[in-house]
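[1] have a look; sequence and predicted model below, questions after that.
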Number of protein chains: 2
Amino acid sequence: MTEHTKPLILITNDDGVNAKGINELISALQDIGELLVIAPDCARSGMSSAITASVPLRIQKLHEKKDLTIYSCSGTPVDCVKLGVNEISCRKPDLVVSGINHGSNAAVSVIYSGTLGATIEGCIFGIPSMGISLTDHSPDADFSQAVKYGRMVAAKTLKEGLPPGICLNLNVPNIPDVQGLKVSKQTKGYWKKEFEVGKDPSGKTVYWLTGEFHNEEPENKDTDEWALDHGYASLVPVQIDMTAYHAMESLKGWETQL
Amino acid sequence: MTEHTKPLILITNDDGVNAKGINELISALQDIGELLVIAPDCARSGMSSAITASVPLRIQKLHEKKDLTIYSCSGTPVDCVKLGVNEISCRKPDLVVSGINHGSNAAVSVIYSGTLGATIEGCIFGIPSMGISLTDHSPDADFSQAVKYGRMVAAKTLKEGLPPGICLNLNVPNIPDVQGLKVSKQTKGYWKKEFEVGKDPSGKTVYWLTGEFHNEEPENKDTDEWALDHGYASLVPVQIDMTAYHAMESLKGWETQL
């Protein structure tokens, strides 16, 4: 028997190491793997795939017991994955799980999300990776359904792996009885009414980011928003190669036309 | 004759409003459009598509003359585009141009780059959008070739538009005679040896993000890294829909197997 019989699961998030979501995730995965947790020391939502290059990063070990080690990190979710894989772990993780996020990361939020930024980073390293989000922002949200689906998808991913360059974006609706899992595509849409304009105490204008999501294809049953609206957990395979291959041919003409 | 005969070009970057690259870009585009510049008040590289939600944003008008208005913004490159489109501009921009970045944004850097984050944001708004980067990090780099190619691609994009959901990632090598434009795909690869471990003055361990790019397909002539290595400017069409459609079918089985 080798020293490491359990798979190594690297866990991170963007709500910070003290958030309820990541701690529910840790509890849910403890029996299926050795867990290495490295998560931001405070909330770093909306960080996308941001990296920290201008200041050095610091980490702090918060917990170390058999099969569960927890670090906090001064950086972004992606920094956490980079530090976990490069500096902290003595072996390559078998799985990266990011979350459970307080709030949906469906549709275009995959682009802004730190939860998904960390997931994509795991995928860049060639590690099967997944993000889990619950469509409820409250700090004390009920994560039971997200835990249930997250655990099932994590176990399946560990067993079957994922194709290279592809990671998973799992979103779970905040309802007591989720109908099942629905493999979906990223919903087309954008955020609108994005700013609340206010004044600071000295009377200067400030802009608070807010807004609402505009769904451009609300009737499309293949989308993640449709799945969530109809009581399903949505599972979107996300690719890290952003090349629009189908657009290359028509652009080729530009090579000689400029 | 309408009031606006010139197309409106929204310009931003991630090196900050005072960087040489964005000022070269402003000069290059001044005769083909009315320019609205809103760029970070200091360098915000590696910010990807990060947004600022926890603190309010502030903007400052630095310059206003016929056809050229310049603002600085306390936020990320994506915040700049959001503020420009939502709050500052009285009409929808006809083109978003982000850059010219000091440093390459080829290969997987498209994911970490604030320059491309802003470009992708323009695309989410349905505006033809492009990022321009020069493979030279120095503050006083020679931008003449990047300006030449950037201007040509901007003019072409204004004239022809881009398919919905697709934006452009233009990288220009830092050589005196660029061979031409090559439509390319995002090179497969990842960053390795990413941290330099050091001590702060009090003796605590700190981690500086650094590293080198590992190209997984150095012989592939279709890649942006190949184009740049061989003296071409690379043009990658980037899509904002990250769904891996080809992986959906095999994942469908998971819907019933969990």
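    Looks like it came in fine. Numbers count the residues shown, from 1 in each chain, chains lettered A, B, ... in the order given.
[2] what comes up buried for stretch A:233-253?
    Neighbour counts over stretch A:233-253 (16 or more other Cβ atoms under 10 Å in any protein chain shown) mark A:233-244, A:247-248, A:251 as buried. Heads up, the C-betas are built off the backbone N, CA and C, glycines and all.
[3] just the closest of these to residue B:131, please.
    Nearest to residue B:131 out of those is residue A:242 (Cβ to Cβ; 11.9 Å).
[4] that closest one and residue B:239 touch, don't they?
    Yes: using Cβ atoms under 8 Å, residue A:242 is in contact with residue B:239, at 5.9 Å.
[5] restrict the buried residues of stretch A:233-253 to those near chain B?
    Among those, the residues within reach of chain B (Cβ under 8 Å from any Cβ of the partner chain) are A:235-244, A:247-248, A:251.
[6] make CSV from the residues you listed and add distance to residue A:159, pLDDT and secondary structure to it.
    What follows is these, written out as CSV (distance: Cβ to Cβ, whole Å; pLDDT from 0 to 100; DSSP: H, G, I helix; E, B strand; the rest coil):
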residue, distance to residue A:159, pLDDT, secondary structure
A:235, 15, 98, strand
A:236, 20, 98, strand
A:237, 17, 98, strand
A:238, 20, 98, strand
A:239, 21, 98, strand
A:240, 22, 97, coil
A:241, 25, 98, coil
A:242, 28, 98, coil
A:243, 30, 98, strand
A:244, 33, 98, coil
A:247, 36, 97, helix
A:248, 36, 97, helix
A:251, 41, 97, helix
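[7] ok, so of these, who is nearest residue B:153?
    residue A:251 (9.9 Å).
[8] gap between the closest one and residue A:99?
    As for residue A:251, its distance to residue A:99 is 37 Å (criterion: Cβ to Cβ, to the nearest Å).
[9] with residue A:107 instead?
    Separation of residue A:107 from residue A:99 (Cβ to Cβ): 17 Å.
[10] now swap in residue A:228 and tell me
    From residue A:228 to residue A:99 the distance is 15 Å (Cβ to Cβ).
[11] neighbour count: those two, which is higher?
    Looking at residue A:228 and residue A:99 with other Cβ atoms under 10 Å in any protein chain shown, you find the greater number of neighbours at residue A:99, namely 32 against 25.
[12] tally of neighbours for residue A:5?
    Neighbours around residue A:5, by other Cβ under 10 Å: 7.
[13] that one: what secondary structure?
    Taking DSSP: H, G, I helix; E, B strand; the rest coil as the rule, one finds residue A:5 in the coil state.
[14] do the same with residue A:48
    Classification of residue A:48 using three-state DSSP returns coil.
[15] now do the contacts for it.
    Taking Cβ atoms under 8 Å, 6 or more residues apart in numbering or on different chains, we find residue A:48 in contact with A:111-114, A:116-117, B:47-51, B:78, B:117.
[16] got it, and residue A:100?
    Residue A:100 makes contact with A:13, A:21-22, A:24-25, A:132-134, A:143, A:146-147, A:150, according to Cβ under 8 Å, 6+ apart.
[17] and the two most separated of those residues?
    Spatially, the most separated pair among those is A:13 and A:147, at 13.7 Å (Cβ to Cβ).
[18] which residues in chain A form helices?
    A:20-29, A:77-83, A:109-112, A:114-124, A:144-160, A:224-229, A:245-252, A:254-257 (DSSP state H).
[19] could you check the angle helix A:20-29 makes with the fifth one?
    Computed by axes from the mean of the first three to the mean of the last three Cα atoms, to 10 degrees, the angle separating helix A:144-160 from helix A:20-29 equals 50 degrees.
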